[in-house]
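Participant: Predicted model and sequence follow; I will ask about them next.
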Amino acid sequence: MSNRRNTAPRRRKPLQRYLRIPAFLPVPLRARRDGWTPQRQARFIGLLAQSGCVRTAARAIGLSRASAYRLRRHPDAGSFNTAWNTAITGRTQPRWKFTPADRAPLALTGALRPRLWRGMFTGVQQKPVTSALLGLVRGLDRIDVTGAEDPTEYHRIRAHFARCV
C-alpha cells in the first residue's frame with residue numbers, strides 16, 4: 001500500500017447554464033373551459049422547453065398541435081412567440097419589450113413565467129409587476145374619463161390601487 005496521493009488535477013464538469021424562459025403576457029382569447037387558458041399557455045411553454053417538441057407539449061395539456069400554431073399566429077401573441085422561440089431553440093432571445101398598452105394587464109394580473117429546474121418543467125409563477133402599477137398610478141391624473149375609450153379601465157385601476165394601499 002502506498003501513501004502517495006494522486007497529484008493529477010481533478011476534472012470537474014463545467015457548470016451548465018440552465019434555460020430561463022422569459023415572462024410573457026398570455027394571448028387574450030375567449031374564455032373556454034377546454035381552450036387555451038393563460039395557465040395552459042404557460043404550461044405549454046414549460047413543457048415545450050422540456051421536450052422540445054410542439055406535438056408532445058400540446059398533447060400533454062390536452063390540445064392539438066394545429067391549435068398551438070394557430071395561437072402562435074394570433075396578432076397579440078408577441079411575448080408568447082418570444083417565449084416559444086426561447087423554449088424551442090434553447091437560447092435566450094432578446095427580451096420582449098412590453099408597451100404602455102400592456103401596463104394594465106402587467107399591473108393587475110402579472111406576466112406568466114414558466115419555471116424550470118434542471119431542464120424539467122416544475123410550475124408557473126405569476127405575480128403583478130410593481131413598476132407597471134406605479135406607471136399606471138403616475139398616469140391617473142392625466143386620464144380623461146369623459147373621452148376615454150374604456151372608462152371602466154380607469155375605475156378598475158383605481159380600485160386595484162385602493163386595495164394595495
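Facilitator: Received it, and whenever you're ready, just let me know what you need.

Participant: can you give me the strands for this protein?
Facilitator: 111-117, 120-127 (DSSP state E).

Participant: Please identify the most buried of those.
Facilitator: Among those, strand 111-117 has the highest mean neighbour count (mean count of other Cβ atoms under 10 Å), at a mean of 19. Using the backbone N, CA and C atoms, a C-beta is placed for each residue, glycine as well.

Participant: Show me how far that strand is from its chain's centre.
Facilitator: 6 Å (Cα atoms, centre = their mean, to the nearest Å).

Participant: now swap in stretch 130-141 and tell me
Facilitator: The answer for stretch 130-141 is 21 Å, by Cα atoms, centre = their mean.

Participant: Using neighbour counts, pick out the buried residues of that stretch.
Facilitator: Neighbour counts using 16 or more other Cβ atoms under 10 Å place 132-133, 136-137 of stretch 130-141 among the buried residues.

Participant: residue contacts, the nearest residue to Q50 once chain neighbours are set aside?
Facilitator: Spatially, and ignoring its direct neighbours in sequence, Q50 is nearest to F121 (4.6 Å; Cβ to Cβ, 6 or more residues apart in numbering). Listed by Cβ atoms under 8 Å, 6 or more residues apart in numbering, the contact set of F121 reads 43, 46-47, 49-50, 114-115.

Participant: quick one: which of these sit in helices?
Facilitator: 43, 46-47, 49-50 (DSSP state H).

Participant: Please tabulate these in CSV, including the columns neighbour count and distance to R65.
Facilitator: Listed next are these as CSV, based on neighbours: other Cβ atoms under 10 Å; distance: Cβ to Cβ, whole Å:
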residue, neighbour count, distance to R65
R43, 19, 15
G46, 26, 17
L47, 22, 13
A49, 24, 16
Q50, 19, 16
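
Participant: Just give me the closest of these to R91.
Facilitator: Set against R91, the nearest of these by Cβ to Cβ is A49 (11.4 Å).

Participant: For burial, what's the neighbour tally of the closest residue to that closest one other than its chain neighbours?
Facilitator: Closest residue to A49 apart from its sequence neighbours, by Cβ to Cβ, 6+ apart: A87 at 3.8 Å. Neighbourhood size, A87 [other Cβ atoms under 10 Å]: 26.
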